[in-house]
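In: structure for this input, please:
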Amino acid sequence: MKQLRNSVIRAGLGALYFSGAHHLLRPLLSGVGAIFMLHHVRPAHKGAFQPNRHLEVTPDFLRATLCHLRSREIDIVSMDELHERLVQGRFDRRFAAFTLDDGYRDNQDHALPVLREFDAPATIYVASDFADGTGRLWWAALEAVIAKAEQIDVQIGHSAIRLDASTPAAKQAAFDRVHDWLRALPGEHDLKREIEALCTAHGVDMEALCRSLCLSWDEVKRLAADPLVTIGAHTISHCNLAKQSEEIAAQELAVSRARIENALERPALHLAYPYGDREAAGDREFALAASAGFKTAVTTRPGMLFAVNAGHMTALPRVSLNGNYQDARILPVLTSGAATAMWNGFRRLAAA
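Out: Prediction:
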């Protein structure tokens, strides 16, 4: 099903590009700017089973994106400046901000050198448990489990299910089934219990995986010293805030901000909601982010920025640079606003 969805999206992007419709729609739909969303930036690696491929782009694709923006004379700005331009209504030039979620080490190793080539600022949102080296990157752990296994045994509801994982196609199907089940579990403790059981059964060390993928606090401090880099918050544990009580959700926001500020000795004023879709961030979370003192908070809901977003600073949409669609030809489509407008039913304010 996900592969079909990816094919439909790819076909839609291609249709917009080859028809030239994005050129006609740009004046109506491009808005005043955009916030680009990334996770991993690292060289492509071989392998038929890469279920989290959508979370990574290559340095070359990031470079192509930056080249495209510069060619269109779109200013690349920090989240502080983006906030300022929205508040002040400074829309004489279009602008774009780059954001990277989770705090992966490849942001330092592969993204930052490309950003420096273009003198392009970026905000990296760090989940504090990840920087501690104790975080639960369950989607990466699930990939590691299934990569090792020939079959997967899970208890979904009242049914004991054995999933084939003997071929790349079977592994992908098993990953999709278990991933969707884990995302749908009612509480964070349920997800923790089930992914830990799978990791134990298949010999995957989640903390070691976290330490291998994520920046430590020492690395975060060194990265924060670069004038191009802003460190933002991504909660403590990367939990689905909408599934938490209001007290726990508020604590996830306030404590994650405090940990970053204590480590860096500077304000942490920008937030990215984990998962960030409608099932993970809504009106309550937007209000909690504002109460926690964040100037901006970004979702994963697709959309360009318009003047109206100035009234919804903790509900900002983004444009995903998705690893499944690394074709430089789609960049004019993305910056035209045509793709996100179609996704949102042509509503300008899709994130609130």
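
In: quick check: Q155 vs A170, distance?
Out: Distance, Q155 to A170, by CB to CB, to the nearest Å: 20 Å. From N, CA and C alone the C-beta is placed, and that goes for glycine too.

In: for the most centrally placed residue in the chain, give the beta-bridge partners.
Out: For the chain, the residue nearest the mean C-alpha position is D101 (4.8 Å; CA atoms, centre = their mean). Judged by DSSP bridges, the bridge partners of D101 are Y125.

In: sorry, back to before: of Q155 and A170, who's got more company?
Out: Higher neighbour count among Q155 and A170: A170, with 17 against 11, using other CB atoms under 10 Å.

In: next one: phi and psi at the more buried one?
Out: In terms of degrees, to the nearest 10, the main-chain angles of A170 are phi -70, psi -40.

In: for it, give me its contacts.
Out: Contacts for A170 (CB atoms under 8 Å, 6 or more residues apart in numbering) come out as 163-164.

In: quick one: it from A287, how far?
Out: From A170 to A287 the distance is 44 Å (CB to CB).

In: show me what contacts R90?
Out: R90 neighbours (CB under 8 Å, 6+ apart): E84.

In: in which helix or strand does it reside?
Out: Following DSSP states H and E, one finds R90 outside all helices and strands.

In: mind pulling up the pLDDT for it?
Out: If you check R90, the pLDDT there is 97.

In: with T340 instead?
Out: T340 is given a pLDDT of 81.

In: which strand residues bridge the spatially closest residue to it that is not a sequence neighbour?
Out: Distances taken as CB to CB, 6 or more residues apart in numbering place P302 nearest to T340, at 4.3 Å, with adjacent residues excluded. Judged by DSSP bridges, the bridge partners of P302 are R318.

In: which residues are in contact with S320?
Out: 36-37, 300, 302.

In: pick the one among those closest to R211.
Out: If you rank those by distance to R211 using CB to CB, M37 comes first, at 24.4 Å.

In: returning to that earlier point: neighbours of the residue nearest to T340, how many?
Out: For P302, the neighbour count with other CB under 10 Å is 20.

In: that one contacts L321, doesn't it?
Out: No. Judged on CB atoms under 8 Å, P302 makes no contact with L321 at a distance of 11.6 Å.

In: can you list the domain ranges for the chain.
Out: What automatic domain parsing lists as the domains of the chain is 2-135+214-343, 138-208.

In: most tightly packed of those?
Out: When you average the neighbours per residue for each of these (mean count of other CB atoms under 10 Å), domain 2-135+214-343 leads with a mean of 19.
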